[in-house]
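In: A predicted structure for the sequence below; I have some questions about it.
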Amino acid sequence: MNSMVPDHLQPSLRALEQAIYSHDLWHKDLLRTIVCRLPIDQRDLAGDAARQCRFGQWYYETAPRELRRLEGFEAMETEHRHLHDVAARLLRAVASDEPVRTSDYDEFANARDRLLLQLQTLKAQIEEMLYNRDPLTGAETRTQMLPALRDLHSMAERKVLDCSIAIMDLDHFKRVNDRFGHQAGDRVLAAAVTRVRDLLRPYDKVFRYGGEEFLILMPNTEIGVARDVIERIRMHLANTPLTHQGSDSITVTASFGLCALNTEDSVEESIRHADMAMYAAKKGGRNCSVTWTPEIAGRAGDTPDDPPTSPLT
């Protein structure tokens with residue numbers, strides 16, 4: 001799963017909007033050349049025309065690294081190259097004083113539409129991340145969490161798919177802030193979300209549930225598979241530094257509580273079960289995962305070492 005550092009969202013969006021504007025100018029100039037039979041820009045006939053236009057220069061040379069990580073960025077290259085190949089075919093017809101074939105023009109128009117669709121989809125993806133994500137970590141916000149879970153709960157009730165959730169809490173996170181400072185702690189939170197999302201599927205979601213607590217939503221995943229996924233995430237966090245402060249590497253472990261999105265329980269009850277399982281993991285020594293069972297409720301009266309997250313509103 002690709003992700004983008006929140007601080008870079010706005011500049012990346014502006015860069016993409018400028019690239020779209022440059023492409024629009026190229027398209028208008030090309031049509032004007034064809035219709036008015038103007039002198040042809042020889043760069044549009046070159047074998048590497050897709051690299052020479054202003055959009056191509058941006059795509060290959062100056063596009064932000066964060067944009068390149070997003071799904072859909074690489075897919076634009078094929079469509080953009082094809083668009084220039086067909087454009088060159090149209091321009092060669094104009095240069096030879098031949099009529100432009102309807103099939104060639106339709107192919108050009110369709111290629112342009114497909115490229116625009118990819119560009120607008122990428123733009124919408126960034127805007128969604130910008131306006132519906134936690135600004136610190138890039139995780140989806142808590143306000144987005146309940147609607148997403150309720151939609152999947154409804155599908156589970158109709159036997160369309162299984163769904164599992166997990167609550168992740170970073171262990172001893174206060175020690176990170178106390179030792180390295182809150183800025184380092186913020187970097188740890190953001191890096192942890194990035195690592196988790198990289199180990200999930202594109203349609204899995206990570207929501208910021210509390211300060212250092214996150215809810216992981218895994219659609220179409222039965223609880224046994226979810227347990228394997230969470231164990232892979234847990235071991236990766238425990239064995240890989242998230243960031244550095246000077247010469248010190250900062251590694252954190254996490255405790256996880258898992259629960260199936262049970263159709264016999266409400267969404268809120270399933271979240272509470274995952275939360276209780278997570279506290280059972282805390283009491284079990286941390287850096288482990290616990291799957292909800294009814295027996296855990298019998299131990300729920302034990303006070304966890306860390307204060308609980310405030311209830312959902």
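Out: Looks like it came in fine.

In: For stretch 253-273, which residues meet the burial criterion?
Out: 254-263, 267, 270-273 (16 or more other C-beta atoms under 10 Å). The way it works is simple: take the backbone N, C-alpha and C, and place the C-beta from them, glycine included.

In: What's the separation between M235 and T251?
Out: Using C-beta to C-beta, to the nearest Å, M235 is found at 12 Å from T251.

In: Please read the previous query as pertaining to E98.
Out: E98 sits 67 Å away from T251 when distances are taken as C-beta to C-beta.

In: likewise V35?
Out: Counting by C-beta to C-beta, the gap from V35 to T251 is 62 Å.

In: Among these two, which residue is more densely surrounded?
Out: T251 (14 against 10; other C-beta atoms under 10 Å).

In: Give me the nearest residue to that one, chain neighbours excluded.
Out: In space, and not counting its chain neighbours, T251 is closest to P241: 4.8 Å by C-beta to C-beta, 6 or more residues apart in numbering.

In: E231 now?
Out: Nearest to E231 is S289, by C-beta to C-beta, 6+ apart, at 6.1 Å.

In: beta partners for the one you found?
Out: Per DSSP bridges, the residues bridged to S289 are F256.

In: Tell me if I'm right that R54 and H27 touch.
Out: No - the pair R54 / H27 is not scored as a contact, 11.3 Å apart, by C-beta atoms under 8 Å.

In: Tell me which of the two has more neighbours.
Out: Ranked by neighbour count (other C-beta under 10 Å), R54 and H27 place H27 first, with 18 against 14.

In: in the host helix or strand of that one, what's buried?
Out: Counting by DSSP states H and E, the element that carries H27 is helix 9-36. By 16+ other C-beta under 10 Å, the buried positions in helix 9-36 come out as 9, 12-13, 15-16, 19-20, 22-23, 26-27, 30, 33-34.

In: what packs against that helix?
Out: Applying 3 or more C-beta pairs under 8 Å, 6 or more residues apart in numbering; DSSP states H and E, we find helix 9-36 packed against helix 54-57, helix 65-68, helix 75-95, helix 102-131.

In: after the last one comes which helix or strand?
Out: By that I understand helix 102-131. helix 142-157.

In: what residues does that next one touch?
Out: 132, 140, 161-163, 165, 205, 207-209, 215, 217, 219, 261, 263, 266-267, 270-271, 312 (C-beta atoms under 8 Å, 6 or more residues apart in numbering).

In: How about exporting stretch 130-149 as PDB, limited to the C-alpha atoms?
Out: What follows is stretch 130-149 as a C-alpha-only set of coordinates in PDB (Å, rounded to 0.1, in the frame of the first residue of the first chain):
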ATOM      1  CA  LEU A 130      -5.800  15.800   2.200                       C
ATOM      2  CA  TYR A 131      -9.300  16.400   3.500                       C
ATOM      3  CA  ASN A 132     -10.300  13.100   5.000                       C
ATOM      4  CA  ARG A 133      -7.100  12.000   6.600                       C
ATOM      5  CA  ASP A 134      -5.500  12.700  10.000                       C
ATOM      6  CA  PRO A 135      -3.000  15.500   9.200                       C
ATOM      7  CA  LEU A 136      -0.300  14.000  11.400                       C
ATOM      8  CA  THR A 137      -0.300  10.300  10.400                       C
ATOM      9  CA  GLY A 138      -2.200  10.100   7.100                       C
ATOM     10  CA  ALA A 139      -4.600   7.600   8.700                       C
ATOM     11  CA  GLU A 140      -8.200   8.000   7.900                       C
ATOM     12  CA  THR A 141     -10.100  10.000  10.500                       C
ATOM     13  CA  ARG A 142     -12.300   8.600  13.300                       C
ATOM     14  CA  THR A 143     -15.300  10.400  11.700                       C
ATOM     15  CA  GLN A 144     -14.800   8.100   8.600                       C
ATOM     16  CA  MET A 145     -14.500   5.000  10.700                       C
ATOM     17  CA  LEU A 146     -18.100   4.200  11.800                       C
ATOM     18  CA  PRO A 147     -19.700   4.700   8.300                       C
ATOM     19  CA  ALA A 148     -17.100   2.400   6.700                       C
ATOM     20  CA  LEU A 149     -17.600  -0.300   9.400                       C
END
